[in-house]
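Chemist: how would this look folded up:
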Amino acid sequence: MNKSELIEALSKKENLTEKKAMDIVSLVFDGFTDELKKGGRIEIRGFGSFVVRAYESYTGRNPKTGNNISVAPKRLPFFKVGKELKEKINT
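Modeler: Residues are numbered from 1 along each chain as shown. All right, here's what the predicted structure looks like:
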């Protein structure tokens, strides 16, 4: 499911206009993004949690040329699946 499919499903299920459903989905995603930017943690019970992990710089290799390159330090979002979701998928 992609974002537009989520918006469509929300609008049909809750009898909303597509514009209203798009505003709701955007509000949720923007809230998640803002919290992760601040270094916060998002936990949705039964679904999972999102955190930001920091990675140090390292020396990588350009696969095309084979040259060594320096990869800058970065922060990336990480998702950990919740126990209930894991159980639902595996039954």
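Chemist: Show me where the protein has its helices.
Modeler: For the chain, applying DSSP state H gives helices covering 3-13, 18-37, 83-89.
Chemist: quick one: which of those is nearest Asn68?
Modeler: helix 18-37 (31.0 Å; C-beta to C-beta). (Glycine included, C-beta is placed from N, CA and C.)
Chemist: Can you add mean pLDDT, mean neighbour count and distance to Val52 and give the helices of the chain back as a markdown table?
Modeler: A markdown table is the format used below for these (pLDDT from 0 to 100; neighbours: other C-beta atoms under 10 Å; distance: least, C-beta to C-beta, whole Å):
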| stretch | mean pLDDT | mean neighbour count | distance to Val52 |
| --- | --- | --- | --- |
| helix 3-13 | 95 | 14 | 21 |
| helix 18-37 | 96 | 13 | 5 |
| helix 83-89 | 94 | 11 | 21 |
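Chemist: Same list as before, those that is, but in a markdown table and with distance to Val71 included.
Modeler: As requested, the helices of the chain are exported to a markdown table (distance: least, C-beta to C-beta, whole Å):
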| stretch | distance to Val71 |
| --- | --- |
| helix 3-13 | 29 |
| helix 18-37 | 21 |
| helix 83-89 | 32 |
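Chemist: Looking at these, which is nearest to Ala72?
Modeler: Once the helices of the chain are compared by C-beta to C-beta, helix 18-37 is nearest, at 17.7 Å.
Chemist: how many degrees apart are the closest one and helix 3-13 in direction?
Modeler: Between helix 18-37 and helix 3-13, the angle comes out at 130 degrees (axes from the mean of the first three to the mean of the last three C-alpha atoms, to 10 degrees).
Chemist: Okay, Leu76 and Val52: tell me how far apart.
Modeler: Using C-beta to C-beta, to the nearest Å, one obtains 7 Å as the distance from Leu76 to Val52.
Chemist: Can you say which of the helices of the chain is nearest to Phe47?
Modeler: helix 83-89 (5.3 Å).
Chemist: Tell me how far that closest one lies from the chain's centre.
Modeler: 18 Å (C-alpha atoms, centre = their mean, to the nearest Å).
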